[in-house]
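Peer 1: coords please:
(chains A and B)
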Amino acid sequence: MQDALKVESIGKKVKLCGWVRTRRDSKGGFSFIELNDGSCMKSVQVLAEAGLSNYESEILKTGIGSSIEVVGEIVESPGKGQTTEVKAETIKIHGYADRATYPLQKKATSMEYLRTIAHLRPRTNTFGAIARVRNEVSRSIHSFFQSRGFLYVHTPIITASDCEGAGQMFNVTCLDLNDIPRKPAEGGARGEINFEEDFFGRPTHLTVSGQLEAEIYATALSNVYTFGPTFRAENSNTSRHLAEFWMVEPEMAFCDLEGDMQCAEDFLKTIFTDVMNNCGADMEFFNQWIDKTVLETLKHIVDSDFVRISYTEAVDILVKSGHTFEFPVSWGIDLQSEHERYLTETKFKKPVIVYDYPKDIKAFYMRLNDDGKTVRAMDVLMPKVGEIIGGSQREERLDVLIERMKSCDLDPEEYWWYLDLRRFGTVPHAGFGLGLERTVQFITGMGNIRDVIPFPRAPKTADF
RNA sequence: UCCCGAGUAGCGCAGCGGUAGCGCAGGUGACUGUUAAUCACUUGGUCGUAAGUUCGAAUCUUACCUCGGGAGCCA
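Peer 2: Next up is the predicted model:
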């Protein structure tokens, strides 16, 4: 269908299959059908003349949503709005869509409504464009890492490590919830659940991160990345959170935090560039109808260096800003949304990488700095969507890591395999996690993360 | 989970104590190499759910459900 829109194609005979977007009739004895197959933003205008054998009997019954197959010649269009059109020789109807009951209309509808018809929303301009951009982002992610020699590693979705430390996990069980097996208990009290009778013989969950497993492969194969679904059972009701989302997690051996930050910056710029180069029409659509600043913002980001400031500098900037925040700023607090917004949207007006956070607000596996107070963590903050990447250099020193675990009330015994990586041939290494949906959200300007994933999973939301 | 705001025709909305309205979509007709076509007429509603106040509730009160904005948790 993309070829049918090109001037060079004039004179060629084509077969086009797709769904009718709209039909306009002329009493002059012909109809215009706008046909779209999702391969690109634009629809093809099909000219259906009354001379076609099924014009009265079938073609005039088609409308938005009908699926048809057109054979005809690509000709120059005399009308405005398109350079080419297809003069139909035959039109075969695959399926009608009743115009009175078909939920989509030839007009703008709300995102909230389209979410209730998630099985039909990919037929709209907006969701078609999102699907194509999401595809391009995914393709670009693989291409970026593959071209740099990273190995794609599949980490498990079901995990038995119940303390990955990144939030509330979903339980995975085959136990009969109406008759849960329990261990014997003293004094008639209810005993603990006996997971030995469960499928895996122990409690299991859906993964919240593939990082720890990725570290195993990075400390054997050097540079690796994971790309797959991730699950958080947090009761988050926001436009930036999902219970099931896709995450990219590179893990690089013999790499420090500087290398990690450079990789993250190059990575984001590559994705943005690829989308602008390969999804031009889709991006123009978003820029016109969703957010009039997305193209300008993406170009600006690709052409400029990300700001890099330490947490201490960030706090200093916020304190000296003279800006009154709802949550006062002082060294040691976690940065709030309003603080991140100030840095990315007001102060620098571009992505900001904040690094070297206080150890008390970050995970145990992040490498301790010589000051004993901060760790080699970094967050990439974007205007509007906030944190898009979170990463760190990992603690590779066995004794320091064990101490950190203890002070975080974690049992080193549980992480025996993770500690083995430091025990045998340890290496400095670093990595980060990128939220795919937040990336697509940022690129497209879509306001709600539930609209950039085909079938959103969120609290009380799993209808499709 | 917390704080605000909103649920009225298929969709987008107005009405905010006296019994239901507009635009679009749908239907009918007119007109036209048309572009979210245009014009005329027209069908269509237990006013989110449940209880309460009142002579009378879409309108006031309470609870619940869902959605949106903000916050927390994070990607």
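
Peer 1: A:Y342 reaches A:V319, doesn't it?
Peer 2: No. The pair A:Y342 / A:V319 is not scored as a contact, 11.3 Å apart, by C-beta atoms under 8 Å. Placement of C-beta: from N, CA and C, glycine included.

Peer 1: quick one: which of those two has more around it?
Peer 2: Shown here are A:Y342 and A:V319; by other C-beta atoms under 10 Å, A:Y342 has more neighbours (20 against 14).

Peer 1: name the SS class of the more buried one, please.
Peer 2: helix (DSSP: H, G, I helix; E, B strand; the rest coil).

Peer 1: list the contacts of the residue in chain A positioned nearest to RNA strand B.
Peer 2: The nearest approach of chain A to RNA strand B comes at A:G79, 2.3 Å away (C-beta to the nearest atom of the strand). Contacts for A:G79 (C-beta atoms under 8 Å, 6 or more residues apart in numbering) come out as A:Q45, A:E85.

Peer 1: which strand or helix spans it?
Peer 2: Under DSSP states H and E, no helix or strand contains A:G79.

Peer 1: distance check, it against A:R24.
Peer 2: From A:G79 across to A:R24, the span is 11 Å (C-beta to C-beta, to the nearest Å).

Peer 1: ditto for A:W331
Peer 2: Remark: distance between A:W331 and A:R24 (C-beta to C-beta) = 65 Å.

Peer 1: same deal with A:H300?
Peer 2: Distance, A:H300 to A:R24, by C-beta to C-beta: 40 Å.

Peer 1: comparing those two, which residue is more hemmed in?
Peer 2: Neighbours were counted for A:H300 and for A:R24 using other C-beta under 10 Å; A:H300 has more, 13 against 10.

Peer 1: the stretch 51-200 of chain A: strands as residue ranges?
Peer 2: Here the stretch 51-200 of chain A has its strands, by DSSP state E, counting those that start in this stretch, at A:67-76, A:84-95, A:151-152, A:158-159, A:171-172.

Peer 1: how many other residues sit next to A:V427?
Peer 2: 15.

Peer 1: that one touches A:T219, doesn't it?
Peer 2: Yes. Using C-beta under 8 Å, A:V427 is in contact with A:T219, at 6.1 Å.

Peer 1: shaky segments in the stretch 51-200 of chain A?
Peer 2: The stretch 51-200 of chain A contains residues with pLDDT under 70 at A:162-166, A:188.

Peer 1: show me which residues of it sit near RNA strand B.
Peer 2: Within the stretch 51-200 of chain A, the positions lying close to RNA strand B (C-beta under 7 Å from any atom of the strand) are A:63-64, A:77-82, A:85, A:99-100, A:103, A:105-110, A:112-113, A:115, A:166-167.

Peer 1: and if we set it to 10 Å?
Peer 2: Residues of the stretch 51-200 of chain A lying near RNA strand B by C-beta under 10 Å from any atom of the strand: A:61, A:63-64, A:75-82, A:84-85, A:87, A:98-117, A:164-168.
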